[in-house]
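> Provide a 3D model corresponding to the input given below.
(chains A, B and C)
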Amino acid sequence: MRKPCCDKEDTNKGAWTKQEDQKLIDYIRAHGEGHWRTLPKAAGLHRCGKSCRLRWINYLRPDIKRGNFAQDEEDLIIRLHALLGNRWSLIAGRLPGRTDNEVKNYWNSHIRRKLIRMGIDPNNHRLNQNLSSPQNQNTSTDLITSSASGSMENNESRPSKTHADNDRVSDAASCLEDEALGSQNLNLDLSIAVPSPSSLSPSLIEKKLQNGESKMMEEFGSDLCPTLLLFT
DNA sequence: AACAACATCAACCGCGCGGGC
DNA sequence: TGCCCGCGCGGTTGATGTTGT
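Take a look at the predicted model:
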């Protein structure tokens, strides 16, 4: 049985106060990051070490970039998600000043919805014919492999963590396999090109969508990952 | 104006990994 | 080699804000 990370009775929870923030900032300025388990006591904070770490990493760090995501950042997130799946820390690592939590929240609240609206399955970045043409619900293609299947919206029960990461990667990378890029040698040390203005961006896809989904289907074909097409 | 529904995001929780012993 | 501990990650929750009726 794992010990709790902190003494629950002696810790504050919920929103951080300005005083707590200041204590944490002052302490880290003086002593540096790390030693999160002992930091709260040393800093005079009645907080769990994990909570301190999260607060620092997500909000108090001086290099945090706050505010709306730029279009190119959004494009990059979509492409990286197509490659990496829900590896938010890896994705955030490619976005200077952004945190995994921020990227994750932005994905769930904005991008995911947007892709769904566009008829793209946010889990595997494939055109979802069920969504794009509801009348074809019983004629969905077999583009989605069994590992990636299940309702993209509703079947979100957590797989066993041991394989969850692999599953996620294979989900996301399955279209890479289709594109003969291969997932076995998926190099996580990606070199991402800054989206060229002429490339096909999601916003452009959205515009195309306004001109008619069927036309877009013709353009993409039926077996491509639209978001990965941006990756050329 | 009041309420409901929806969207957003800060924060928490549980788990796995890796390093040290 | 196995255990323990600390850290980091991803999923989820809940409070708050916004929009619609």
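> Pull up the residues of chain A that are close to DNA strand B.
Residues of chain A lying close to DNA strand B (CB under 7 Å from any atom of the strand) are A:2, A:5, A:12-16, A:47-48, A:50-51, A:54-55, A:58-59, A:101-102, A:104-106, A:108-110, A:113, A:160-162. Heads up, the C-betas are built off the backbone N, CA and C, glycines and all.
> which of these count as buried?
A:16, A:47-48, A:51, A:54-55, A:102, A:104, A:106 (16 or more other CB atoms under 10 Å).
> Can you add secondary structure and give those back as JSON lines?
Compiled in JSON lines, those are given as follows (DSSP: H, G, I helix; E, B strand; the rest coil):
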{"residue": "A:16", "secondary structure": "coil"}
{"residue": "A:47", "secondary structure": "coil"}
{"residue": "A:48", "secondary structure": "coil"}
{"residue": "A:51", "secondary structure": "helix"}
{"residue": "A:54", "secondary structure": "helix"}
{"residue": "A:55", "secondary structure": "helix"}
{"residue": "A:102", "secondary structure": "helix"}
{"residue": "A:104", "secondary structure": "helix"}
{"residue": "A:106", "secondary structure": "helix"}
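> could you pick out which of those residues are near DNA strand C?
Among those, DNA strand C is touched by residue A:104 when using CB under 7 Å from any atom of the strand.
> Please identify which of the buried ones among the residues of chain A next to DNA strand B is nearest to DNA strand C.
Using CB to the nearest atom of the strand, residue A:104 is the member of these that sits closest to DNA strand C, with 6.0 Å.
> Low-confidence stretches in chain A?
In the prediction, chain A carries residues with pLDDT under 70 at positions A:1-10, A:128-232.
> any chance you could map the strands in it?
With DSSP state E as the definition, chain A shows no strands.
> domains in it, as residue ranges please.
Per the record, chain A has its domains at A:12-60, A:71-150+A:161-229, by automatic domain parsing.
> quick one, helices of chain A?
A:18-31, A:39-43, A:49-55, A:71-84, A:88-93, A:100-106, A:112-117, A:129-132, A:161-178, A:202-210, A:213-220, A:226-229 (DSSP state H).
> Show me what the third one packs onto, helices and strands only.
Which is helix A:49-55. Packing partners of helix A:49-55 (3 or more CB pairs under 8 Å, 6 or more residues apart in numbering; DSSP states H and E): helix A:18-31, helix A:39-43.
> could you dump these to JSON lines with mean neighbour count and distance to DNA strand C?
Formatted as JSON lines, these follow (neighbours: other CB atoms under 10 Å; distance: least, CB to the nearest atom of the strand, whole Å):
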{"stretch": "helix A:18-31", "mean neighbour count": "14", "distance to DNA strand C": "12"}
{"stretch": "helix A:39-43", "mean neighbour count": "17", "distance to DNA strand C": "7"}
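> Quick one: closest of the ones you listed to residue A:66.
Set against residue A:66 and scored by CB to CB, the helices and strands packed on helix A:49-55 come closest in helix A:18-31, at 14.3 Å.
> could I have that closest one exported to PDB, CA atoms only?
Below are the C-alpha coordinates for helix A:18-31, written out as PDB (Å, rounded to 0.1, in the frame of the first residue of the first chain):
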ATOM      1  CA  LYS A  18      -1.600  35.300  -3.000                       C
ATOM      2  CA  GLN A  19       0.400  34.700   0.200                       C
ATOM      3  CA  GLU A  20       0.900  31.100  -0.600                       C
ATOM      4  CA  ASP A  21       2.000  31.900  -4.100                       C
ATOM      5  CA  GLN A  22       4.500  34.400  -2.700                       C
ATOM      6  CA  LYS A  23       5.900  32.000  -0.200                       C
ATOM      7  CA  LEU A  24       6.400  29.400  -2.900                       C
ATOM      8  CA  ILE A  25       8.000  31.900  -5.300                       C
ATOM      9  CA  ASP A  26      10.300  33.300  -2.600                       C
ATOM     10  CA  TYR A  27      11.400  29.800  -1.500                       C
ATOM     11  CA  ILE A  28      12.100  28.600  -5.000                       C
ATOM     12  CA  ARG A  29      14.000  31.800  -5.800                       C
ATOM     13  CA  ALA A  30      16.100  31.200  -2.800                       C
ATOM     14  CA  HIS A  31      16.600  27.500  -3.000                       C
END
